[in-house]
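Asks: below are the sequence and a predicted model for it; my questions follow.
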Amino acid sequence: MRKTQSPPIVQAQALWKRFGPLAVLKGVDLNVAERELVFIIGPSGSGKSTLLRCLNRLETPDEGIITVDGIDLLSPKTDINKARQRIGMVFQSFNLYPHMTARQNVMLALRKVQGRGRDEAAEMARAALERVGLGERVDHYPAQLSGGQQQRVAIARAIALAPRVMLFDEPTSALDPELVGGVLSVMRELRESGMTMVVVSHEMAFARAAADTVVFMADGEKLEEGPPDQIFGAPRHERTRAFIRQIDRH
Amino acid sequence: MGGFENFAFSFLNMKVMAQYLPLVAQGFLLTVVLALLIVVAGLALGLFLALTRSFGIRPLNWLIIFLVDLFRALPPLVIIVLLFFGLPAAGLGMSGFAATWLSLTLVLMAFSEEIFWAGLTSVQKGQWEAARSTGLGFVQTLRHVVLPQALRITIPPLTNRTIAITKGTALGSVVGVSEILGASQSAMSFSANPSPLMLGALAYLVLFIPVVAFGRWVESRFAPKR
Amino acid sequence: MDEFVSAFLNWDIVREASPILWRGLWQTLLLSVMVVPLGLIGGVILALLSTAPIRSVRLLAAGWVDLFRAIPPLVLLVFLYAGLPFAGLDIGAWGAVAVGFFLNTGAYYGEVLRAGIGSVSPGQTEAARSTGLTQAQTMTHVVLPQAVRNVMPDLISNTVEVVKLTSIASVVALPELLFQARQAQNVTYNASPIVAAAVAYFLLLWPLVRLMSRLENKAMAGRR
């Protein structure tokens, strides 16, 4: 397994997050090695999306430690905007900027955060869009693209910043079934190029084929963790077994 | 006298305020009466025009659209001045009160017609078809199916527009109506002290803050769901 | 009928008065070009404050907006023009109009823009922040452009109202269109100059009113 070869690039320890009286994360640990693909599964309300959103501080945990690529994410001294460039994020609802073309969507952070010139940013944006198979669509507005194409633009927007880690929050859940494949193949290509990825998703077939590690969460806790063969083939925990059975029935 | 005392003497002079309170209170009553008359007449005329428009009689509709555009484009003060200073030239004298009432009623009529009409047209054709298919007549469909749906989405813009136009009653002071502003302006010149104006401003706040708050509440209550 | 025409549509009198009417129209345009940006600046400030992350700031902004939505603009203007000099502060007609419109129309633009900012989904901010954009950059490049676009009909409608409202500057003797028309009427004892001014206002604002009612109909239809 690759995991033992290199030290973790993402380290989260004992994360607690409460929304009012409700504890969504109850002391969760997560380690991700470089070039590893970690897949997080679990029933809705299990805290998996919250965990992912903590990893680039869109949510701030109440307690715990998060280090990404050697940066202490929760320290007040950390420049979070600088840190976030190293952590790409892809959302369930794409969240493309509707008033900008695909190319402008990708260019914005290159220009404003990394301070690159217009031509250089445009060229980098074109390259990123080409990589996700949308080289022909650079000047289209989001409304002119299908859901799958929009999600690929969103991936391009993240990878153009050359992140060390990519976070995917249910990237295919809002897509019609026939559009899922295009997004998954982009993710597969990213994985083969050695990108470190943390994915929250219900695409079990993709998890089986591509994940190094599968994490099962329920009720704000990490119940089980292991290679896909083990989690899907011989789950140890009763709740994992029940969850997998239910998913397989669909 | 120090700076603050000077300021207090000018703007918060209790003696002057007490003296002219009755005058401003009268103005307050006049403003309320004028505002209510405008709201009742303006909204009724607006709804009437919108309903007339829904019959789809071409020349009539053009006339309605022109009227609405006219009174949306003209500043209310221009209409007031025209009615008050202009009409006597044709032997048609009109009191300042009547001129202010008529002007603002026409303006509210125009704005509310547009809002009612937009509300009516926003109810989908399927609603009409469904109601008519069950044997309801045109007027019955309008009354029981279309209007209830239309009114709901017109309420927030209608409330805000009505508030804005009713505030125009202050324009009556230009043509000698002793509503709040008119009364406090005369009090200011009698007393050579602007405290009555502060009293007037306070009267407007007492009158309109609840209305504005009501408008906010209506807006959140009827907000379209995303 | 002849009497009516000579009292209201007297072409000779309008022609005689036309130089000062033109001057008035010019002042009205100048006034609009001054107060619309002033109101917009006030509006942007208020909209940002009323969507600020601190609750007390939001409440303060909302109170400010309600205050100036409750006070009729003419009352504000009279206070600034005729009241303030008692405190030794004479800012003149232009100054009173500038401050009054900044406060009044700023509150209205502020409400419109606040609604616009509220209409942009929180996912937009999250996406922008996740790529490392700061709060301010997110506001300028991502949220505000969408907010403005979403409330464009209301912005245009508000702007028409502001231009119409410039007519109240006549009350403080600022020589804009209505004021000049009144002067001409006083000299000629004839209402035709006021009718001419009304026609000028109508021609100036009618295209915007048409555009507005089209946009409003569309917006209402889209609400369902």
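Replies: Alright, I've got the coordinates. Residues are numbered from 1 along each chain as shown, chains lettered A, B, ... in the order given.
Asks: mean confidence for the helix or strand hosting A:Gly148?
Replies: For A:Gly148, the host element (DSSP states H and E) is helix A:147-159. Along helix A:147-159, the predicted confidence averages to a pLDDT of 94.
Asks: that one and chain C, any residue contact?
Replies: Yes: residues of helix A:147-159 are located near chain C by CB under 8 Å from any CB of the partner chain, namely A:154, A:157-158. All C-beta atoms are positioned from the backbone trio N, CA, C, and that covers glycine.
Asks: buried subset of those as a ChimeraX selection?
Replies: Command for ChimeraX, covering only those of those found buried under the criterion 16 or more other CB atoms under 10 Å in any protein chain shown:
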select /A:154,157,158
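Asks: quick check, nearest of the residues of helix A:147-159 next to chain C to A:Leu145?
Replies: A:Ala154 (10.5 Å; CB to CB).
Asks: rewinding a little: what's the closest of the residues of helix A:147-159 next to chain C to A:Pro228?
Replies: A:Ala158 (24.4 Å).
Asks: isn't the closest one right up against A:Met166?
Replies: Yes: applying CB atoms under 8 Å, one finds A:Ala158 in contact with A:Met166, separated by 6.2 Å.
Asks: so for these two, which residues contact both of them?
Replies: Counting by CB atoms under 8 Å, 6 or more residues apart in numbering or on different chains, the contacts common to A:Ala158 and A:Met166 are A:88-90.
Asks: got the residues you listed as a markdown table, with pLDDT and distance to B:Ala110 columns?
Replies: Formatted as a markdown table, those follow (pLDDT from 0 to 100; distance: CB to CB, whole Å):
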| residue | pLDDT | distance to B:Ala110 |
| --- | --- | --- |
| A:Gly88 | 92 | 53 |
| A:Met89 | 92 | 50 |
| A:Val90 | 94 | 50 |
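Asks: can I get the residues you listed in JSON lines including distance to B:Glu129 and secondary structure?
Replies: Converted to JSON lines, the shared contacts of A:Ala158 and A:Met166 look like this (distance: CB to CB, whole Å; DSSP: H, G, I helix; E, B strand; the rest coil):
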{"residue": "A:Gly88", "distance to B:Glu129": "50", "secondary structure": "strand"}
{"residue": "A:Met89", "distance to B:Glu129": "47", "secondary structure": "strand"}
{"residue": "A:Val90", "distance to B:Glu129": "44", "secondary structure": "strand"}
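Asks: for B:Pro210, state which of those is nearest.
Replies: A:Met89 (46.2 Å).
Asks: run through chain A and note the low-pLDDT ranges.
Replies: Segments of chain A classed as low confidence (criterion: pLDDT under 70) are A:1-6, A:249-250.
Asks: domain parsing for it?
Replies: For chain A, the structural domains run A:2-86+A:164-249, A:96-162, going by automatic domain parsing.
Asks: deepest-packed of those, please.
Replies: Between the domains of chain A, domain A:96-162 has the highest mean count of neighbours, a mean of 20, where neighbours are mean count of other CB atoms under 10 Å in any protein chain shown.
Asks: can you pull the residues of chain C lying near chain A?
Replies: C:121, C:123-124, C:126-134, C:137, C:141-142, C:145-146, C:149.
Asks: how much space is there between the closest residue to A:Pro227 other than its chain neighbours and A:Met187?
Replies: In space, and not counting its chain neighbours, A:Pro227 is closest to A:Thr213: 6.5 Å by CB to CB, 6 or more residues apart in numbering or on different chains. According to CB to CB, to the nearest Å, A:Thr213 and A:Met187 sit 16 Å apart.
Asks: can you report phi and psi for residue 64?
Replies: The chain I'm using is chain A. The phi/psi pair for A:Gly64 (degrees, to the nearest 10) reads phi 120, psi 180.
Asks: return the residues in contact with it.
Replies: A:12-16, A:27-28, A:74.
Asks: take the residues you listed and keep only those in strands.
Replies: A:12-16, A:27-28 (DSSP state E).
Asks: ramachandran angles for C:Ser121?
Replies: phi -70, psi 150.
Asks: one more: B:Val206?
Replies: phi -60, psi -40.
Asks: from the chain's centroid, how far away is the helix or strand containing C:Leu155?
Replies: Element membership for C:Leu155 (DSSP H and E) is helix C:152-165. Here helix C:152-165 is found 6 Å from its chain centre; the criterion is CA atoms, centre = their mean, to the nearest Å.
Asks: my guess is B:Leu51 contacts B:Leu142. True?
Replies: Yes: judged on CB under 8 Å, B:Leu51 makes contact with B:Leu142 at a distance of 7.3 Å.
Asks: and those two? Which one has more around it.
Replies: B:Leu142 (19 against 16; other CB atoms under 10 Å in any protein chain shown).
Asks: circling back: who wins for proximity to C:Leu177 among the domains of chain A?
Replies: Among the domains of chain A, the nearest to C:Leu177 by CB to CB is domain A:96-162 (37.3 Å).
Asks: which of the residues in the helix holding C:Leu155 are buried?
Replies: Neighbour counts using 16+ other CB under 10 Å place C:153-165 of helix C:152-165 among the buried residues.
Asks: picking up where we left off before, Serialize the ones in strands among the contacts of A:Gly64 to TSV and add fields for distance to A:Arg103.
Replies: Listed next are the ones in strands among the contacts of A:Gly64 as TSV, based on distance: CB to CB, whole Å:
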residue	distance to A:Arg103
A:Ala12	34
A:Gln13	40
A:Ala14	42
A:Leu15	37
A:Trp16	41
A:Gly27	43
A:Val28	38
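Asks: max-length helix in chain B?
Replies: helix B:14-53 (DSSP state H).
Asks: for that helix, buried residues please.
Replies: For helix B:14-53, using 16+ other CB under 10 Å, the buried residues are B:16-17, B:19-20, B:23-24, B:27-28, B:30-31, B:34-35, B:37-39, B:41-43, B:45-47, B:49-51, B:53.
Asks: do the same with stretch B:158-178
Replies: Here stretch B:158-178 shows B:158-175, B:177-178 as buried, counting by 16+ other CB under 10 Å.
Asks: closest one of the shared contacts of A:Ala158 and A:Met166 to chain C?
Replies: A:Met89 (3.9 Å; CB to the nearest CB).
Asks: and the closest one, what does it touch?
Replies: Going by CB under 8 Å, 6+ apart, the list of residues near A:Met89 reads A:56, A:58, A:158, A:166-169, C:127, C:130-131.
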